[in-house]
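1. Kindly generate the corresponding structure for this input.
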Amino acid sequence: MKRLFFLAVISFALVLCAACGSEEAAETAGPIKVGALLSLTGEYDQYGLSIKDGIELAIKDINGKGGINGEDYAVIYEDSKSTIDGAKAALDNLIAQGVQVVIGPEITEICEEIIPYAANKGIILISPSATAPSLRELSINAKGYFFRICATDDSEAGQLAIDMVRTSRWKFIKRAYNR
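-> I've put the predicted structure just below:
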């Protein structure tokens, strides 16, 4: 399940990357570059390192099957150091290397600051794990430069309530839900 999730993340990022490519980029030899802005050190490193492992598996699988439309992909990792300032510096490093599509950040707190920063620079962000509903408004304001491929906290809670009612043997839960 985890592998399928990360394959979906990488595939989505790579399709976006291919769609954003210019004629100059098409003439450049070598794999297409995708950025990854993750917490590889600091308070949230357990999330960033897990996502990095998933990305590595997906890239190996995709490139092992001939890439997408015959193009191989390479991921350039930058460490946000689990801080907003670190994330901005890391994003600037990715931009300097010619990256147009970035996987991450994975933490809502960092996303809140990085989404407008990246959108102003024309960089597409794809967060695999930021779940706060508050990111919806930032996403709208970013005008197509921010995507997430995970459920938001409120939609997860709603689904959990529905599942509890469906599977519950206790009638008081069903009565409370129907009210």
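
2. For the rest of this, base every contact and every neighbour count on C-alpha atoms.
-> Fine.

3. Gly42 against Ile84, yeah?
-> No. Counting by C-alpha atoms under 8 Å, Gly42 sits too far from Ile84 to count as a contact (11.7 Å).

4. Those two: which has the busier surroundings?
-> Set Gly42 next to Ile84 and count neighbours by other C-alpha atoms under 10 Å: Ile84 wins out with 17 against 13.

5. Nearest residue to that one in space, please, no chain neighbours.
-> With sequence-adjacent residues excluded and distances taken as C-alpha to C-alpha, 6 or more residues apart in numbering, Ile84 is closest to Ile110, at 5.4 Å.

6. Can you classify Ala74 as helix, strand or coil?
-> Secondary structure state of Ala74, per DSSP: H, G, I helix; E, B strand; the rest coil, is strand.

7. residue contacts, it?
-> 31-34, 59 (C-alpha atoms under 8 Å, 6 or more residues apart in numbering).

8. Inside strands: which ones of these?
-> Of the positions in the contacts of Ala74, 32-34 sit in strands, assigned by DSSP state E.

9. between those, which is closest to Asn120?
-> Asn120 lies nearest to Val34 out of those, by C-alpha to C-alpha, at 18.6 Å.

10. check contacts around the closest residue to that closest one other than its chain neighbours.
-> Distances taken as C-alpha to C-alpha, 6+ apart put Val75 closest to Val34, at 4.8 Å, once the chain neighbours are dropped. By C-alpha under 8 Å, 6+ apart, Val75 lies in contact with 33-36, 59.
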